[in-house]
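Peer 1: Predicted coordinates and the sequence they were generated for:
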Amino acid sequence: MNPVIKSFLHAPSSTWTHLVIDPATQAAALIDPVLDFDYPSGATATDSAAGIIAGMRALDVKLEWILETHAHADHLSAAPQIRDSLGGRIAIGEGIRQVQAHFSTELNFEAGFRSDGSQFDHLFKDGERFHIGQLDARVIATPGHTRDSVSYLIGDALFVGDTLFMPDGGTARCDFPGGDAGLLYDSIHKLYELPEDTRLFVCHDYAPGGRAHRCLSSIGEQRRGNIHIHEGISRSQFISMRGARDRSLGMPALLYPSVQVNVRGGEFPPAESNGQVYLKVPLQAQPRQSA
């Protein structure tokens, strides 16, 4: 049995959120939901999430899972807001513990922060199987972009997070903490072993060349046409290409705000003594001296 997929684009972050529905039972999972966030003002909003919630209610689905493919660095998760409205369990790969440990040190999280993944309802192991209604689902660890990256194979549909983009967009960067281009190559080739007609849904699409945003390709299309990792590209070639490309990229604008929220399962850091919640940005250099 294969799922029905409804996909929602969050245009400001070019993020696709996917609703996975079991047609036999109307049980559902939601993958990578987004919280609206305006960095200059610090304002958050749930307009995008509310639209998805309304869509799910119109479809009369029962939400069982809210699945994160990793702790994103380009948007804040709306998983808690979705769960509060519709229920479901928030889950991520068990590699989140390594990401939590790194950023809790780098950003000097509050005393008592736990790097054990307990902020999530469930941590998936590589190869773990679960169900959405009567749909069979399997977790595939796909580290490389981050240590906690996982892909979800649900029926004939594969949800890869940032591991792969559309074929004309290539692959995810590997210069974040815990990133590794060799691991990413190995992870993608593990996915390439799936049947070529497997539907492949990406989390981000930046619409190269100004084309319309898309989220659906296939394993076969990726094998043959991905601009970074098609058939015939060796591991060493990919590592060299990915390293050179990553050195040319700027840091994502929302990296620090995003990880502080997303490693907590979408919850905000605790309020400080004045009742205000803050997100930190570490200063990396001494101020420039005036001439």
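Peer 2: Great, that's in hand. Everything numeric here is computed off the predicted structure, so don't read it as measured data.

Peer 1: Am I right that Val20 is in a strand?
Peer 2: Yes: assessed with DSSP: H, G, I helix; E, B strand; the rest coil, Val20 lies in a strand.

Peer 1: Neighbours of it, how many?
Peer 2: Val20 is surrounded by 28 other residues when neighbours are defined as other CB atoms under 10 Å. The way it works is simple: take the backbone N, C-alpha and C, and place the C-beta from them, glycine included.

Peer 1: List the residues that contact it.
Peer 2: Residues near Val20 by CB atoms under 8 Å, 6 or more residues apart in numbering: Pro3, Val4, Ile5, Ala28, Ala29, Leu30, Ile31, Ile132, Leu135, Ile154, Ala157, Phe159.

Peer 1: those helices in the stretch 51-200 of the chain, which residues are they?
Peer 2: Across the stretch 51-200 of the chain, reading from the start of the chain, the helices by DSSP state H, counting those that start in this stretch fall at 79-86, 96-106, 181-191.

Peer 1: got a list of contacts for the shortest one?
Peer 2: It refers to helix 79-86. Taking CB under 8 Å, 6+ apart as the rule, helix 79-86 contacts 30, 33, 35, 46, 49, 52-53, 56-57, 63, 66, 68, 88-90, 265-267.

Peer 1: Among those residues, name the buried ones.
Peer 2: Among the contacts of helix 79-86, the ones that count as buried by 16 or more other CB atoms under 10 Å are 30, 33, 35, 46, 49, 52-53, 56, 63, 66, 68, 88-90, 265-266.

Peer 1: which one of the helices of the stretch 51-200 of the chain lies closest to Ser248?
Peer 2: Within the helices of the stretch 51-200 of the chain, the stretch nearest Ser248 is helix 181-191; the backing value is 14.2 Å (CB to CB).

Peer 1: Report all helices and strands that that closest one contacts.
Peer 2: Other helices and strands packing on helix 181-191, by 3 or more CB pairs under 8 Å, 6 or more residues apart in numbering; DSSP states H and E, are strand 135-141, helix 235-247.

Peer 1: switch to 7 Å and redo it
Peer 2: helix 235-247 (3 or more CB pairs under 7 Å, 6 or more residues apart in numbering; DSSP states H and E).

Peer 1: So which residues make contact with the helix it packs on?
Peer 2: Contacts of helix 235-247 from elsewhere in the structure, counted by CB atoms under 7 Å, 6 or more residues apart in numbering, are Arg173, Cys174, Asp175, Ala181, Gly182, Tyr185, His228, Ile229.
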